[in-house]
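Peer 1: structure for this input, please:
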Amino acid sequence: MEDTAPFSQLYDEVQVLSNQPNANFMVNSQVINTIMPSGLQGEIFQNSGDYFSYCISTDKQRQMGELVFKPDTCQIKYKMRVMAAPNKLPGFFKISGYEQVVKHGPAMLMTRAQMAHIVDRISETFPALGEVRKKVIMENEPSSYGLLKDNLMVKVLPDTTRD
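Peer 2: From the prediction side, this is the model:
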């Protein structure tokens, strides 16, 4: 899962955007390996090993160089690869072979290093978001890779009292 593959390609290599201002804009990124629920097979991917695009958007207009992105559109795109598509994975209820389950909140598993890469790229691409992230990290102690802790799980013996 930790392995990624770097790539470089033109932003508009098939020249769909005629006369666009960033004609020679290069995208330098990496393919991020993930585990997807098999219930998304046929919708996001066909088989394990397939590539798909993962888009991140915000509700505000963002600008990168001369490119202006409308709100709620693909503002940052990642190239992802499905490394495995299990029907069940212990502890992850959204990893399912049932399409109905994953429609209520699709899940995707990746390492913290990969998630940190995504968050860092968002912060670099849109400096305003990067500044907000710095403030949040100063107020909330991050866990590994500079990511905030999103939950805490504690195992308790079955007969433990509330006190």
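
Peer 1: my understanding was that L147 contacts T111; is that so?
Peer 2: No. Using Cβ atoms under 8 Å, L147 is not in contact with T111; the gap is 10.9 Å. Using the backbone N, CA and C atoms, a C-beta is placed for each residue, glycine as well.

Peer 1: is the residue lying closest to R121 once chain neighbours are set aside bridged to anything, and to what?
Peer 2: Once flanking residues are discounted, R121 sits nearest to I76: 6.6 Å by Cβ to Cβ, 6 or more residues apart in numbering. Bridge pairing for I76 (DSSP bridges) gives the partners I56.

Peer 1: so I76 sits against I56, correct?
Peer 2: Yes. The criterion here is Cβ under 8 Å, and I76 meets it with I56 at 4.6 Å.

Peer 1: which stretches of this structure have low pLDDT?
Peer 2: In the prediction, the chain carries residues with pLDDT under 70 at positions 1-3, 17-22, 106, 150-152.

Peer 1: strands of this structure, start to end?
Peer 2: Using DSSP state E, the strands of the chain run over 4-10, 26-35, 51-56, 62-64, 67-69, 76-84.

Peer 1: in a markdown table: those strands, plus mean neighbour count and distance to A128.
Peer 2: Formatted as a markdown table, the strands of the chain follow (neighbours: other Cβ atoms under 10 Å; distance: least, Cβ to Cβ, whole Å):
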| stretch | mean neighbour count | distance to A128 |
| --- | --- | --- |
| strand 4-10 | 11 | 26 |
| strand 26-35 | 16 | 21 |
| strand 51-56 | 13 | 15 |
| strand 62-64 | 15 | 8 |
| strand 67-69 | 14 | 13 |
| strand 76-84 | 18 | 14 |
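
Peer 1: any chance of these in CSV, plus distance to I122?
Peer 2: Output for the strands of the chain, formatted as CSV (distance: least, Cβ to Cβ, whole Å):
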stretch, distance to I122
strand 4-10, 17
strand 26-35, 12
strand 51-56, 6
strand 62-64, 10
strand 67-69, 12
strand 76-84, 6
